[in-house]
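Asker: I need the structure of the sequence given here:
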Amino acid sequence: MRPVTIEFFKPRQGRRYRSVLHRRDGLLVELDGGGYNRVGGPARELPHDLAHAVVEDGLALEAGLWGVLSSGGMYRHARVIAGRRPPHFAARAQAVVDAAGDRPTQAEMLTRFVCDLARDGADRDVARLRAATGERWWLEVTPDRLAATCAALRDAGVRWRDLPPGEALAVAWRLPPLAVR
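Answerer: Purely as a prediction, here's the structure:
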């Protein structure tokens, strides 16, 4: 399965960025964002939606924000900016969101907690991650996988910092689409 591309556009002014997902069905889906996560390292922070992409990819969270959107789901803060919507678009989008259940919330929590670990240099502290998530949001994670994800967050922060205003940082979404009944 070919990956999809997510572009994160650095603003020319201010801090509000935007993201554009190039979906497999040919649609371009845009998110307008303004939140940032502190991740430590030389760049210190990166856009929240980019942090989601890094953490979801690093921890194989197929049903987080980007997994839902790339599988055909839609959220209120997302909008189609190009491409032809397939038949029954709204029903299919809702079916994907429903199939994800509460896993997007899990991805939200894990993104925050992993960013905190990266910021604090606690890259291998699985026990701290488990304590932060609690049993409800816990996901079995190895110290190596957690460390790689924290390093990827800081690397993305440097790439974002060094990106010229108005340009896009592109990342590949490689996880498979959600199974929808």
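
Asker: And what about Ile81, helix, strand or coil?
Answerer: Classification of Ile81 using DSSP: H, G, I helix; E, B strand; the rest coil returns strand.

Asker: Could I get the contacting residues of it?
Answerer: Shown here is Ile81, whose contacts under the criterion CB atoms under 8 Å, 6 or more residues apart in numbering are 20, 28-30. Any C-beta I mention is one placed from the backbone N, CA and C, and that applies to glycine too.

Asker: For stretch 17-32, which residues meet the burial criterion?
Answerer: Of the residues in stretch 17-32, 17-23, 25, 27, 29-31 count as buried by neighbour count, 16 or more other CB atoms under 10 Å.

Asker: which stretches of the chain form strands?
Answerer: Along the chain, the segments classed as strands by DSSP state E run 4-9, 17-22, 28-33, 36-40, 44-47, 78-82, 168-173.

Asker: So what's the residue count around the residue lying closest to Arg16 once chain neighbours are set aside?
Answerer: Nearest non-adjacent residue to Arg16, counting by CB to CB, 6 or more residues apart in numbering: Gly34, 4.5 Å away. Using other CB atoms under 10 Å, Gly34 is surrounded by 13 other residues.

Asker: who does Ala172 bridge with?
Answerer: In this structure, Ala172 has the following beta-bridge partners (DSSP bridges): Thr5.

Asker: Confirm for me that it is in contact with Arg2.
Answerer: No. Proximity of Ala172 to Arg2 does not meet the contact threshold set by CB atoms under 8 Å, at 9.3 Å.

Asker: And those two? Which one has more around it.
Answerer: Set side by side, Ala172 and Arg2 give different neighbour counts by other CB under 10 Å, the larger being at Ala172 (11 against 7).

Asker: Appreciated, that's everything.
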